[in-house]
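Just to be clear, the model below is a prediction. Sequence and coordinates:
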Amino acid sequence: MPPFRVVFMGTPEFSVPSLAALADTENVVLAVTNPDRPSGRGQTLAVPPVKAKAARRGIPVFQPEKAKAPESVARIAAESPDLIVVVAYGHILPPSILSIPKHGCINVHASLLPKYRGAAPINWAIARGETETGVTIMKMDAGMDTGPMLHVRAIPIGEDDTAGTMFPKLAVLGAEALGEALRKLHDGTLTEAPQDNALATYAPMLKKEHGLIDWGRPAREVRNLVRGMTPWPSVFAIHGGKTLKILAAAVADGAESPGQQATPGEIAAVGKDGIVVVCGEGALRLERVQPEGGKAMDAWAYAQGRRIVKGDRLSP
């Protein structure tokens, strides 16, 4: 069969492998992405990764401020797409766009739906201690990641994986799963499976406050939060009235466990392998940290510079 006419909608680096895979097999007639935005200390305009990739492949680019604006809808409809593919575009599509393509709009979502619907599925799956995640190719409807599932691929989350290590893995897996789904669509074997809403969980957009440590939680949960919030927004505590980011940590072993009198947030030990902090259950060994206004460093170097000793506290 001839290739589909596809409008691609996506913005970050996560979207790029899917765009590249589409461009190899289908006729991508337009790439829709967010406008260039000021970035960094110099506030120079940063080009979205999807725009850069599309330009290299000779694909026309459209960067509306609002996809739901009538002029944006008209621009997309003018391409007469057979299919719209959405990968981390960052906006909910209105019915006026969902109804344009003959084969509908499909989304590459980075979770095993119906778990972790929402904006940050990779981060929250890790932060909540999942050992497996994946990608779901789904047909979009008016809800938030509620449409029928078309194709699913799973992948394990390693004990030392962070959001930063899982993003590229899932970006590649998403591109592979998208290609597999489109091959089924071409030969007429692609089927839809409704989601079980009773099993749905949510992955809200990340905010800085999501990284604030509650030392009253078990050490394992705090470590999972560190992994899920790395590289952004980062988990943090307060020490000496200033923010201390926790970049890497491990659950302390039995020999490092605090005594019964220790309270959450109290420093139980300081050594070359890190700073051991009491949690509601067990203790967490901080391995790498970044003080406010400073550079990332080993926790031991931080402890030496701040003269941290057993019995000091991190808050809240």
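Received, thanks.

For the nearest residue to residue 208 once chain neighbours are set aside, what are phi and psi?
Spatial nearest neighbour of residue 208, chain neighbours left out: residue 233 (4.6 Å); criterion: Cβ to Cβ, 6 or more residues apart in numbering. All C-beta spots, glycine's among them, are computed from the backbone N, C-alpha and C. Phi and psi for residue 233, reported as degrees, to the nearest 10, are phi -90, psi 0.

Residue 233: what's it in contact with?
Residue 233 sits next to 206-208, 210-211 when contact means Cβ atoms under 8 Å, 6 or more residues apart in numbering.

rerun at 6 Å
Listed by Cβ atoms under 6 Å, 6 or more residues apart in numbering, the contact set of residue 233 reads 206, 208, 211.

May I have the secondary structure class of residue 151?
At residue 151, secondary structure determined by DSSP: H, G, I helix; E, B strand; the rest coil is strand.

if I look at it, how far off is residue 116?
In this view, residue 151 and residue 116 are 17 Å apart by Cβ to Cβ, to the nearest Å.

Between those two, which has more neighbouring residues?
Using other Cβ atoms under 10 Å as the criterion, residue 151 and residue 116 rank with residue 116 on top: 25 against 22.

Now that one: closest residue in space, sequence neighbours ignored.
Nearest residue to residue 116, sequence neighbours excluded (Cβ to Cβ, 6+ apart): residue 203, at 4.2 Å.

circling back to that earlier point, please produce a ChimeraX select command covering the buried subset of the contacts of residue 233.
Command for ChimeraX that selects the buried part of the contacts of residue 233, burial taken from 16 or more other Cβ atoms under 10 Å:
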select :206,211
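
Tabulate the contacts of residue 233 (CSV), appending secondary structure, pLDDT and distance to residue 304.
Putting the contacts of residue 233 into CSV (DSSP: H, G, I helix; E, B strand; the rest coil; pLDDT from 0 to 100; distance: Cβ to Cβ, whole Å) gives the following:
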residue, secondary structure, pLDDT, distance to residue 304
206, coil, 97, 32
208, helix, 95, 28
211, helix, 97, 25
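
mind listing what residue 274 touches?
Neighbours of residue 274 in contact, by Cβ under 6 Å, 6+ apart: 285-287, 299.

per-residue confidence for it?
For residue 274, the model assigns a pLDDT of 97.

Please report how far it lies from residue 236.
Distance from residue 274 to residue 236, counting by Cβ to Cβ: 16 Å.

before we move on, what about residue 309?
According to Cβ to Cβ, residue 309 and residue 236 sit 21 Å apart.
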